[in-house]
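A.B. asks: Need the 3D shape of this:
(2 chains)
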There are 2 protein chains.
Amino acid sequence: MKLFYARGACALASHIALEEAGATYEAVRVDVRGGEQRGPGYLAINPKGRVPALATAQGVITETPAILAYIAQTHPQAGLAPLDDPFAFAELQAFNAYLCSTVHPAHAHRHRGHRWADEEGSLADMRRKAPQVMGECFELIEAQMFKGPWVMGEAYSIADPYLFTICGWLEADEVDIARFPKVAEHAARMAERPAVRKVLAEEAA
Amino acid sequence: MKLFYARGACALASHIALEEAGATYEAVRVDVRGGEQRGPGYLAINPKGRVPALATAQGVITETPAILAYIAQTHPQAGLAPLDDPFAFAELQAFNAYLCSTVHPAHAHRHRGHRWADEEGSLADMRRKAPQVMGECFELIEAQMFKGPWVMGEAYSIADPYLFTICGWLEADEVDIARFPKVAEHAARMAERPAVRKVLAEEAA
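C.D. replies: The predicted model follows:
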């Protein structure tokens, strides 16, 4: 498998999950700042022009929640999702869906407001509000959604690298992670995992 | 099971899926215009204050992609997802994730721009741009993602009611569905399904 990723992007979640699963894969960096994601080579892989994309023997999978569930299902020995419990699997999927549908867009308004508005004043308005919106998302995660010690409770799962990835954006969004003690402790614990350290070093290289 | 929905909301996808699955359920309307979703009664069900929420014997599931996959997994006889094929399941999940993470937010900027910006000028800017953004999403769906005759190909799946639901928003978003012949034909065919007719009548009642 090949995982197409970009530095600092949400593809980090899938990258960590592949490593935690013990998957055989190659990580391929896409030069998003240079616009490689909009070139014909990458658009042939992912017509959306976004990362992540996971190229498998059967075809390409896009969208972080779909890739994460695929990694868990194809590496059951890694125990990254409750595959035999539809309710627990749904709770896990609901967490990941919240990150992709609400939290990631909240973050995107900080620097990618041009996706939804044209005027400079609108983009500045979105940038100003992004810390508040991201903060409210994390208040909900801290108070209502995070079970502990891992996101979904006793078992480490594909929700953990995804939360960790988005937590990494809080500082740039001017949200103090210390407001969310459970989330902050989780992020610190995640950063010590061998798989996370390996992937972070590779993406930074 | 109880499905909490609101008229015109994305909960319609889960409502149709429950009906197609032959599930035993009750549909409970939430008065979103009246603000019921922010009252203590509903917040105890879903702290996010949004629909849909599916109350099961084990607990509450939120987020459309998670609810849809749960319905498919707990009603395997209905054949609403390729449960034994992780790659095909991932493709299906990727489609639904695109709807929840990109298309639904594109639509939300038309009337709910206050989630991401404060100034009236910004909200007007988002409203003006929403038809373009929604149109671009559906260009991608039409050209790259929709397999036909159903979203994922030969088999009707949980992606079909979700696409149908969001298609129902195009007219209000000033996007002419006729620009997307495959999607338009799909929407017309969906509207004739007995389960869809039954659910639409119930939500309109």
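
A.B. asks: For the rest of this, base every contact and every neighbour count on C-alpha atoms.
C.D. replies: Fine.

A.B. asks: you'd agree residue A:118 is up against residue B:127?
C.D. replies: No. If you go by C-alpha atoms under 8 Å, residue A:118 and residue B:127 don't touch, sitting 10.7 Å apart.

A.B. asks: With neighbour numbers in mind, choose between those two.
C.D. replies: Regarding residue A:118 and residue B:127, a neighbour count based on other C-alpha atoms under 10 Å in any protein chain shown identifies residue B:127 as having more, with 21 against 15.

A.B. asks: Grab the nearest non-local neighbour of that one.
C.D. replies: In space, and not counting its chain neighbours, residue B:127 is closest to residue B:110: 4.3 Å by C-alpha to C-alpha, 6 or more residues apart in numbering or on different chains.

A.B. asks: Could you verify my assumption that that neighbour touches residue B:174?
C.D. replies: No. Contact between residue B:110 and residue B:174 fails when scored by C-alpha under 8 Å: they sit 10.3 Å apart.

A.B. asks: Comparing the two, which shows the higher neighbour count?
C.D. replies: The neighbour count for residue B:110 versus residue B:174, taken as other C-alpha under 10 Å, is higher for residue B:110 (22 against 14).

A.B. asks: so what's the closest residue to chain B within chain A closest to, chain neighbours aside?
C.D. replies: Chain B sits closest to residue A:101 of chain A, with a gap of 3.9 Å, by C-alpha to the nearest C-alpha. Using C-alpha to C-alpha, 6+ apart and skipping the chain neighbours, the partner closest in space to residue A:101 is residue B:101 (3.9 Å).

A.B. asks: Contact partners for that neighbour?
C.D. replies: When contacts are counted by C-alpha atoms under 8 Å, 6 or more residues apart in numbering or on different chains, residue B:101 touches A:97, A:100, A:101, A:102, A:105.

A.B. asks: do the same with residue A:92
C.D. replies: Per C-alpha under 8 Å, 6+ apart, neighbours of residue A:92: A:81, A:152, A:159.

A.B. asks: Now narrow these to whatever sits close to chain B.
C.D. replies: The subset of those lying close to chain B, counting by C-alpha under 8 Å from any C-alpha of the partner chain, is empty.

A.B. asks: got a winner among the residues you listed for most neighbours?
C.D. replies: residue A:159 (26 neighbours).

A.B. asks: Go ahead and confirm that one touches residue A:94.
C.D. replies: No. Between residue A:159 and residue A:94 there is no contact under C-alpha under 8 Å: 9.7 Å.

A.B. asks: before we move on, back to that, so of the contacts of residue A:92, which ones are in helices?
C.D. replies: In helices, judged by DSSP state H, the following of these are found: residue A:159.

A.B. asks: can you list residues touching both of residue B:110 and residue B:174?
C.D. replies: By C-alpha under 8 Å, 6+ apart, no residue touches both residue B:110 and residue B:174.

A.B. asks: before we move on, back to that, I'd like the contacts of residue B:101 as CSV, with distance to residue A:199 appended.
C.D. replies: Below are the contacts of residue B:101 laid out as CSV (distance: C-alpha to C-alpha, whole Å):
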residue, distance to residue A:199
A:97, 23
A:100, 21
A:101, 25
A:102, 25
A:105, 24
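
A.B. asks: Which member of the residues you listed is positioned nearest residue A:142?
C.D. replies: Using C-alpha to C-alpha, residue A:102 is the member of the contacts of residue B:101 that lies nearest residue A:142, at 15.1 Å.

A.B. asks: Show me what the helix or strand containing the residue nearest to residue B:127 is packed up against.
C.D. replies: Secondary structure assignment for residue B:110, by DSSP states H and E: helix B:104-111. Where contact means 3 or more C-alpha pairs under 8 Å, 6 or more residues apart in numbering or on different chains; DSSP states H and E, helix B:104-111 is packed against helix B:120-140.

A.B. asks: Could you name the helices and strands sitting against the helix it packs on?
C.D. replies: Using 3+ C-alpha pairs under 8 Å, 6+ apart, helix B:120-140 sits against helix A:120-140, helix B:104-111.

A.B. asks: Can you spell out the domain ranges of chain A, please?
C.D. replies: In terms of domains, chain A is parsed into A:2-79+A:198-204, A:86-193 (source: automatic domain parsing).

A.B. asks: Quick one: end-to-end length of the first one, please.
C.D. replies: I take that to be domain A:2-79+A:198-204. The first and final residues of domain A:2-79+A:198-204 sit 18 Å from each other (C-alpha to C-alpha, to the nearest Å).

A.B. asks: Establish whether it and chain B are in contact.
C.D. replies: Yes. Contact between domain A:2-79+A:198-204 and chain B, assessed by C-alpha under 8 Å from any C-alpha, occurs at A:47-48, A:58, A:61-63, A:65-67, A:69-70, A:73-74.

A.B. asks: Now, those that are in strands?
C.D. replies: Among the residues of domain A:2-79+A:198-204 next to chain B, the ones falling in strands (DSSP state E) are A:61, A:62.

A.B. asks: residue contacts, residue A:23?
C.D. replies: By C-alpha under 8 Å, 6+ apart, the residues touching residue A:23 are residue A:75.

A.B. asks: should've said residue A:80
C.D. replies: Residue A:80 sits next to A:21, A:72, A:155, A:156, A:157, A:158 when contact means C-alpha under 8 Å, 6+ apart.

A.B. asks: Could you rerun that using 10 Å?
C.D. replies: Applying C-alpha atoms under 10 Å, 6 or more residues apart in numbering or on different chains to residue A:80 gives the contacts A:17, A:20-21, A:68-69, A:71-73, A:155-160.

A.B. asks: And residue A:163, by the same measure?
C.D. replies: A:10, A:13, A:95-96, A:99, A:103, A:141, A:146, A:151, A:183, A:186-187, A:190.

A.B. asks: same thing but 8 Å
C.D. replies: Residue A:163 sits next to A:99, A:151 when contact means C-alpha under 8 Å, 6+ apart.

A.B. asks: Could you check which helix or strand contains it?
C.D. replies: Here residue A:163 sits within helix A:159-167, counting by DSSP H and E.

A.B. asks: Kindly export that helix (C-alpha atoms) in CSV.
C.D. replies: Extracted C-alpha coordinates of helix A:159-167, given in CSV (Å, rounded to 0.1, in the frame of the first residue of the first chain):
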residue,chain,number,x,y,z
ALA,A,159,-9.8,7.4,17.1
ASP,A,160,-6.6,8.0,19.0
PRO,A,161,-4.3,9.0,16.2
TYR,A,162,-7.1,11.1,14.6
LEU,A,163,-7.6,13.1,17.8
PHE,A,164,-3.9,13.4,18.3
THR,A,165,-3.5,14.8,14.8
ILE,A,166,-6.1,17.5,15.2
CYS,A,167,-4.8,18.4,18.6
